[in-house]
Every structure is written in C-alpha cells, then in structure tokens.
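**Student:** A structural model of the following input is requested.
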Amino acid sequence: MKTEDNLQELTRYINRDLSWIEFNRRVLEEAQDKETPLLEKAKFLGITSTNLDEFMSVRVAGLLDLQKSGYNKKDFSGYAPASLLRRIFKRTTGFVTEQYKVYKDIVRQLSKHGIRIHSYNELSQTQQKAANQIYHQIVYPVLTPMAIDQARPFPLITSLGLYLAVVLVRNTDAGKEDAQLHFAIVRVPANFSRLVQVPSRGASKAHFIFLEELMKEHIVTLFNGYTPVSVHAFRLTRNSDLTLDERAAEDLLEEIEKEVRRRRWGTPVRLEVEKGIHPYALEQLIEEFEISGSVFEIEGPLDLGCLTKLPDLIHDNAPLKYPEVQPAYPQEFLEEDSMFDVIRRQDVLLYHPYESFEAVNDFVIEAAEDPYVLAIKITLYRVSGNSLLVRALERAAEDGKQVTVALELKARFDEERNIAWAKRLEKAGCHVVYGLVGLKTHAKVTQIIRQEEEGLRRYMHVGTGNYNENTARLYTDVGLFTSDAEIGEDVSSLFNEITGYSSAPKMNQLIAAPTYLSEELAHLIMRETLNARQGKPARIIAKVNSLSNQEIIDHLYEASQAGVKIDLIIRGVCCLRPGVPGLSETITVRSIIDRFLEHSRLFYFENGGAPEAYLSSADWMTRNLTRRVEVMCPVRNTHTRDTLFNILKLHLKDSAKARHLQANGSFTRPEIKTTSFRSQFEAARIKSWKKVVKKTDPLSKD
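**Tutor:** From the prediction side, this is the model:
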C-alpha cells in the first residue's frame with residue numbers, strides 16, 4: 001500500500017472504502033501466512049473473492065451512481081466520487097493480481113500434498129473418461145447454448161453468475177480468414193459444484209477439474225455444424241443494493257420481492273473476463289453492458305470464492321486444517337434442569353464459538369415447551385437455512401403462545417431467505433412484523449414472558465450476533481442471558497416501538513439507535529475526557545467491526561488530546577488515524593484476522609474508577625447509529641462484567657494475529673520478542689477467559 005510519509009499532508013480521516021480494501025488485504029495475508037494450514041489458506045483466498053464481490057456490487061456501485069448523477073461533493077475524508085473511484089480501481093486491480101499469485105502458489109502447495117486441480121489435458125486417460133461421463137450424463141442435459149444475433153437478443157446475464165463466451169464459425173467456413181464470426185454464451189450451472197472431482201491416482205488424496213474447463217472441452221457438443229474459435233469465461237457484477245421507497249409501499253414484503261427480482265437487472269459495475277478472450281467476444285460484452293473502465297482481465301479461474309468449499313471436499317485432511325474447536329456447553333446450565341432457574345438466579349455471559357450456540361436454541365425451545373410461558377418475542381436478521389430456533393417459534397405459536405417476530409426483510413443478500421421465513425412463520429401463527437419504515441432492525445434480542453408464583457417475569461437474551469447456528473460456529477460473538485427487571489422493561493418498550501405506534505422512550509438501562517445511541521456514546525466518551533482533565537482514572541476500550549462515524553471519531557480525538565488512553569480493536573474499516581501528534585497520540589488501533597471472524601461489539605469505560613461495560617449489536621458507523629434499530633446493553637453483574645473484561649484483555653494481548661494501524665494508514669505486526677500470544681487459540685481454552693479477575697482492577701496483568 002502506498003502511503004503518505006508526511007503526516008502534515010494527511011487529512012484527519014482515512015477514507016472508508018480505501019480502508020476496506022486494506023482490510024481485505026489483511027484477509028489475503030492469512031492466505032499467504034506460512035503458519036496458516038494449507039486448506040485454510042484456500043478458504044481465506046476464497047473469502048477475499050466473495051468480499052470483493054460484495055464491495056463492488058454495493059459500495060462501488062453506489063459511487064458510480066453518484067458519479068453518473070454529477071455529484072462531486074467531497075466526503076469527510078476529502079474524496080469526491082470520481083477521484084475515489086480512480087483510486088479504488090487502481091488498488092483493486094493490484095489486489096486482484098496479488099490474489100492470483102497467491103492462488104498459483106496454493107495450487108502448487110496443494111499438489112505436493114496429493115490435492116491437484118487440473119486442466120483437462122493434464123488428466124490421465126482414466127480421469128478423462130470419468131470426467132467425460134460426468135459431462136455427458138450430468139452436466140450436458142442442463143446446459144442451454146444461447147446464440148446472440150438479430151433474431152435472438154442478449155439474454156439476461158445475472159450478477160456474479162459464471163458464463164462462457166463462445167466465438168464460432170460455420171464448419172464450412174472453418175480455416176477461412178474472412179469467415180463470419182458468430183457469438184454465443186453458455187451459463188455455467190450454479191447448482192453444480194465448481195470443483196468436479198475425478199478419480200485420484202496412487203497415494204493422491206483428491207483430483208479436481210473446474211466445471212467450466214470440462215464444459216470448454218466439450219463445447220462442440222452444444223453447437224452442431226459450427227466450429228468453436230474461442231471459449232473463455234466471463235462474469236458480470238451488477239448494482240445489487242436495494243432502492244426501495246418504503247413509505248410508498250402498500251405491502252413491504254411484496255415490494256421487496258419485486259425489488260429482489262429487479263436486482264437481476266441492476267446497472268453493470270464490473271466485468272471480469274478470462275485472459276486471452278477473443279477480441280470479438282470482448283467487444284460484444286462491452287457493447288452490451290456499456291462498461292469499459294472496470295474490465296478486469298483475469299489470468300486464472302474466475303470467482304475464487306468456490307475455494308471456501310474446498311476443505312469440505314477433502315477427507316483425511318487434519319494436518320492441512322486448523323484443529324477443531326468443539327464448543328463447550330455453558331457450565332452454568334449443566335447443573336440445572338431449567339435454564340429459567342439459572343437465569344433467575346444469575347446473569348450468564350456466553351462467548352461463541354467457544355461456548356455453544358446450542359444454549360440459545362435451548363432457551364427458545366424450553367420456552368416453547370414450558371406451559372408457564374405466555375409469550376416469546378424475538379428479532380431476526382440473518383437466520384440459517386435449517387434453524388432449530390425458528391422451528392421452536394413455530395411450535396410455540398401452534399401451541400397457542402403469543403409469538404412475535406421482528407424479521408428484517410432488508411438484510412442484504414438474505415432478502416429471499418427471510419421472505420420465505422416470514423411466510424412460514426405467519427403460516428404457523430406467529431405475529432411477524434417487518435420493523436420500522438426507513439430503518440433496518442439489526443438488534444439481537446429475545447424476550448420470554450413467563451407466569452411465576454410472584455407474578456410475570458421477563459427473561460432476556462441480548463447478543464452481538466445473529467440468531468444463526470451456522471455462523472455462530474464461525475464468528476466470535478457475545479450474548480447475555482438476564483432476568484434483570486429494568487432491562488426487561490426496556491426490551492418490552494423496544495418491541496412496542498417496533499410493532500406498534502409507541503415513540504422511543506428514554507430507557508432504564510438499554511440504549512437504542514437511532515434515537516439515543518449516538519448521543520449516549522458521545523456522552524460516555526466525553527465523560528472519560530472530563531475525568532482525564534480532572535486527574536481521575538480514564539480509559540476506553542472498544543471492540544467493533546468498523547469505525548466510520550465522523551462525530552464519534554472527533555469525540556475520540558478530543559478524548560485523546562485530554563490524555564485518555566484509548567484502545568480500539570477494529571476488524572475492518574477504520575477512518576480514525578491513531579498516533580498523530582497533537583491529535584490522537586494516546587489511541588491505538590489493532591485489527592485481528594484469524595480463523596474465526598471477529599464479530600462481537602464490546603465497550604469498556606473506566607468511569608473514574610467505577611468501570612462500565614456494554615455489549616452491542618451496533619458498529620460505530622453512521623448507518624448503525626442513524627438508520628438502524630440497534631441496542632447497547634450494559635453488563636451490570638460483577639461476575640459477567642469481569643468475564644467481558646477478560647475477553648477484551650485477550651484481544652489486547654494478541655501478538656500473533658493483531659495488526660496495528662499506523663498514522664499513515666498502513667498496518668504493521670508487533671515484533672514478537674518471546675512466545676507469541678494468539679487470542680482466539682487462547683479463548684478456546686475456556687478457563688482462560690471465564691476466570692474472574694480482581695474486581696478492583698479488572699485489566700491488571702495476570
């Protein structure tokens with residue numbers, strides 16, 4: 001990354017989109033790290049590809065729209081759309097080149113371990129015979145060649161679909177210099193595995209050929225009477241962001257269904273073509289998509305995202321993967337038959353994936369089966385395809401319990417799945433609402449209303465991550481079980497706001513966006529600033545996925561200038577410049593990229609010696625603070641608060657996977673003088689963070 005050496009020439013802020021590109025570069029570094037197991041390298045490389053797809057289809061698409069509309073106002077980091085797009089395309093071009101260098105290296109290393117990805121000509125006769133059989137019996141019947149001529153216009157090319165561009169001549173014209181060229185396309189089936197496995201030889205573990213390579217070899221079977229001149233893959237990225245006027249929508253679910261369908265016709269943003277594509281084919285594609293400035297010529301297979309599935313295709317591969325982490329069932333719930341008995345007695349903090357998400361499912365399942373439970377309320381943003389939790393909600397509704405589900409239809413790229421869930425839950429008798437007009441419901445909250453001897457009692461789960469058992473094994477998240485009466489009242493108020501006409505009240509303990517969260521975060525930071533100026537203990541630790549809100553950054557700068565020690569743990573985008581003399585000298589920013597996606601949002605404020613801790617669904621981004629329903633929840637119990645402190649301590653001690661952001665926007669790794677400390681591996685040893693430290697100094701060294 002090219003950076004400015006003279007800090008005086010830098011703006012106060014790092015650009016959000018350029019910061020994102022550097023985040024994806026850190027993910028790519030994991031695919032290059034010699035300590036990363038080989039199949040995990042392939043997975044990290046695949047993740048960089050899918051990350052870049054989303055970035056192009058949303059962020060770059062939005063900038064192109066601004067540029068086309070003539071918008072030339074600079075953002076707070078000093079970039080206008082046109083100049084930013086030039087910088088983005090320059091950096092992403094270099095990034096893609098680096099991706100394919102890494103790909104070639106990984107393929108070379110895999111080959112040494114008996115895992116080979118072949119071209120068709122590299123296959124043995126036995127393997128070719130097996131591959132041919134797969135093509136003729138399985139692939140060929142579903143293929144549809146689509147000729148492009150005056151009578152047959154260009155078909156719909158879906159965003160991120162993989163296609164073959166075929167240039168042909170009639171058999172009678174083959175070999176003639178002036179032969180008329182014909183153009184056709186063939187869709188590579190998306191419901192087949194891209195990596196086609198063929199029989200292995202000897203001690204080899206697995207041999208593969210890309211599906212499109214197999215199709216190229218047999219392309220002549222689709223064009224009888226024509227000779228293929230050239231066959232190359234291409235891929236189009238379209239604008240995939242939803243543009244929906246919710247206030248004008250009579251039926252939100254129906255309108256989102258329509259908008260998801262319209263997404264297939266989104267404006268072209270990026271065209272990827274295989275290196276060596278025939279000039280005639282490229283001309284046809286550029287003319288059809290009206291795209292020129294963002295054409296990427298790729299030397300290698302398009303869409304490396306398929307590599308994320310490679311580890312699942314290889315058996316007996318333990319040395320090439322990370323050691324398995326088996327989530328532990330929370331020990332607090334092991335000694336009691338009822339989770340309600342435990343939560344009534346104490347708060348319980350869970351740390352996923354080191355502790356099992358099964359406990360969250362069990363919480364809802366027990367509520368569904370408990371005859372004393374009257375109502376269940378829950379927010380759903382992204383849900384797994386085989387969700388036990390959703391099935392429990394259906395069962396509860398069918399048994400006559402009042403079940404309210406605030407289901408977010410606008411969760412990007414999960415809209416179709418959530419529409420299906422909404423219809424299914426409604427059919428079961430659940431009361432499904434789609435949130436507030438103009439806002440996404442991103443809070444992660446469950447409430448159980450139970451009739452007990454003393455009267456009604458509320459039980460809650462508040463988390464940092466989605467109610468998704470699949471991602472709960474891949475993401476690090478924190479969840480709190482509590483029966484705190486004040487938090488219970490607040491959660492009830494939150495649901496009343498989402499489902500009814502209630503205006504957002506000032507709550508007892510919860511802080512919600514978009515009404516109060518930005519204001520409260522500013523207050524908490526300014527309180528530390530005032531304490532520092534008065535000589536009182538002052539410190540801030542914040543763990544978020546992204547920091548891009550200018551107001552929050554300015555408050556952090558002011559706190560730093562007052563002497564507040566600020567440690568930020570930010571996985572992705574960070575627009576704040578740390579370590580700038582006179583501006584941010586006391587601020588450190590570290591990014592931890594490791595086997596699990598760091599997803600939890602955790603905050604610590606010293607508060608003059610009376611520390612406060614919070615977990616939240618919200619990142620410190622403008623969209624989270626102003627355009628989403630989010631929740632920040634205090635962790636009030638001493639035991640659970642100390643546990644949260646220990647989780648933060650693990651990240652601050654990381655010397656193996658933490659990269660430190662410099663004032664010029666670059667990232668460096670700390671120099672390891674002794675044994676390195678790897679926070680995620682340490683967290684897998686449950687006792688390392690469950691242990692309660694001294695309450696008087698929760699951040700003291702062990």
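**Student:** only C-alpha atoms for contact and neighbour calcs from this point on.
**Tutor:** Fine.
**Student:** pretty sure Tyr322 contacts Pro37?
**Tutor:** Yes - the pair Tyr322 / Pro37 is scored as a contact, 6.4 Å apart, by Cα atoms under 8 Å.
**Student:** between these two, which one's more packed in?
**Tutor:** Per other Cα atoms under 10 Å, whichever of Tyr322 and Pro37 has more neighbours is Pro37, with 17 against 14.
**Student:** roughly how far apart are that one and Leu389?
**Tutor:** 34 Å (Cα to Cα, to the nearest Å).
**Student:** in stretch 454-471, what's buried?
**Tutor:** By 16 or more other Cα atoms under 10 Å, the buried positions in stretch 454-471 come out as 457-469, 471.
**Student:** Kindly reformat those residues as TSV containing distance to Val60 and pLDDT.
**Tutor:** TSV is the format used below for the buried residues of stretch 454-471 (distance: Cα to Cα, whole Å; pLDDT from 0 to 100):
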residue	distance to Val60	pLDDT
Arg457	49	97
Arg458	45	98
Tyr459	43	98
Met460	39	98
His461	37	98
Val462	34	98
Gly463	31	97
Thr464	28	97
Gly465	26	95
Asn466	26	93
Tyr467	29	94
Asn468	29	92
Glu469	31	92
Thr471	26	92
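**Student:** Could you work out the most separated pair of these?
**Tutor:** Distances among the buried residues of stretch 454-471 were taken as Cα to Cα; the most separated pair is Arg457 and Thr471, at 30.6 Å.
**Student:** Break the protein down into its domains, please.
**Tutor:** Following automatic domain parsing, one finds the domains of the chain at 7-320, 331-499, 511-690.
**Student:** What about Leu45? Give its phi and psi, please.
**Tutor:** Here is the backbone geometry of Leu45 (degrees, to the nearest 10): phi -60, psi -40.
**Student:** Same question for Glu272.
**Tutor:** Residue torsions, per degrees, to the nearest 10, at Glu272 are phi -110, psi 130.
**Student:** Just the pLDDT for it.
**Tutor:** Per-residue pLDDT puts Glu272 at 97.
**Student:** do the same with Glu408
**Tutor:** Confidence score, pLDDT, at Glu408: 82.
**Student:** just checking, it touches Arg417?
**Tutor:** No - if you go by Cα under 8 Å, Glu408 and Arg417 don't touch, sitting 10.7 Å apart.
**Student:** higher neighbour count, those two?
**Tutor:** Glu408 (25 against 15).
**Student:** From Arg628, how far out is that one?
**Tutor:** 11 Å.
**Student:** what is in contact with those two at once?
**Tutor:** Common neighbours of Glu408 and Arg628, using Cα atoms under 8 Å, 6 or more residues apart in numbering, are 440-442.
**Student:** helix/strand/coil for Glu212?
**Tutor:** Following DSSP: H, G, I helix; E, B strand; the rest coil, we place Glu212 in the helix state.
**Student:** ok, so what distance separates it from Pro301?
**Tutor:** From Glu212 to Pro301 the distance is 9 Å (Cα to Cα).
**Student:** Give me the more crowded residue out of those two.
**Tutor:** Neighbours were counted for Glu212 and for Pro301 using other Cα under 10 Å; Glu212 has more, 25 against 16.
**Student:** Mind listing what's buried along the longest helix along the chain?
**Tutor:** Secondary structure assigned by DSSP state H gives helix 81-112 as the longest helix of the chain. Applying a neighbour-count criterion of 16+ other Cα under 10 Å, one finds 81-82, 84-85, 88-89, 91-93, 95-96, 99-100, 102-103, 106-107, 110-111 buried in helix 81-112.
**Student:** and if you look at stretch 190-204?
**Tutor:** Quick answer for stretch 190-204 (16+ other Cα under 10 Å): 194-200.
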